[in-house]
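[1] Quick one: sequence plus predicted model below, questions after.
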Amino acid sequence: MLEVRHSADRGYFDHGWLKTFHTFAFADYYDPEWVGYGPLRVLNEDRVASGRGFGKHGHRDMEIVTYILGGELEHRDSMGYGSVIRAGDVQRMSAGTGVTHSEFNPSATTEVHFLQIWILPEAQRLAPGYEQTHVTAADKRGRLRLIAAHDAAQGAVLIHQDARIYAGLFDGAERAEFELPPSRRAWLQVARGALSVDTVRLSAGDGARTLGPAQLTLHGGTDAEVLLFDLP
């Protein structure tokens, strides 16, 4: 069984240079019914205008995963890492004992569109860390491809929590099955397009959480890109 969180019900702020949707309580948005799901604490959909970004700021005791949907995002941090991440890239920053970083759209013409995900770590005051990888569209086509995991399996970035994040692209007859055991819960987020999960139709920006064990079937996609979170 799924409980749907419709796109229009999310928190939304238009700061001019930043347009952002908050699935869960974040910053000035608070909804006591939606403050996270298990260790999944933040799921923001951000669009940052060309030449703009987030100045240097700090984090601690959080696993931060950034998933780029379009455009480019330049990252620099106090650990000495600097990179530009692009569509298909997955970035993981473990804030641990404390990290400062900045995120900036280096394009002069194109906005950057991405999901920023915060996951509570399994322990506090871990050593900070950084990692990124690229997952091709072919790797996600018609299947759920592991992109982040506690054991870093299948080339996924490592996260310090018993959680697994999958990404998939679905169109037409493409479909995938996902079995969730009784001890686990799942969150699905449609990043673009639309698809059905069992008999439930979800569109861009919609999310859904499982209530109890589930055998999920993803099908009927229309240019859909989806993330699935397998959570304790």
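    Right, received. Where do you want to start?
[2] so Asp139 sits in a strand?
    No: counting by DSSP: H, G, I helix; E, B strand; the rest coil, Asp139 is not found in a strand; it is helix.
[3] Next, the contact list for the closest residue to it other than its chain neighbours, please.
    Leaving out its chain neighbours, the residue that sits closest to Asp139 by CB to CB, 6 or more residues apart in numbering is Arg145, at 5.0 Å. The C-beta positions use only the backbone N, C-alpha and C, and glycine is treated the same way. Applying CB atoms under 8 Å, 6 or more residues apart in numbering to Arg145 gives the contacts 135, 139, 154, 166-168.
[4] now Arg145: how far from Pro181?
    Distance, Arg145 to Pro181, by CB to CB, to the nearest Å: 20 Å.
[5] a strand runs through Tyr67, doesn't it?
    Yes: residue state for Tyr67 (three-state DSSP) corresponds to a strand.
[6] for Asp9, phi and psi?
    Geometry field for Asp9 lists phi and psi as phi -90, psi -10, criterion degrees, to the nearest 10.
[7] Next, the closest residue in space to Pro232 that isn't next to it in sequence: secondary structure please.
    Nearest residue to Pro232, sequence neighbours excluded (CB to CB, 6+ apart): Asp162, at 4.9 Å. Secondary structure, three-state DSSP: Asp162 is coil.
[8] re earlier: of the contacts of Arg145, which belong to helices?
    Among the contacts of Arg145, DSSP state H puts Asp139 in helices.
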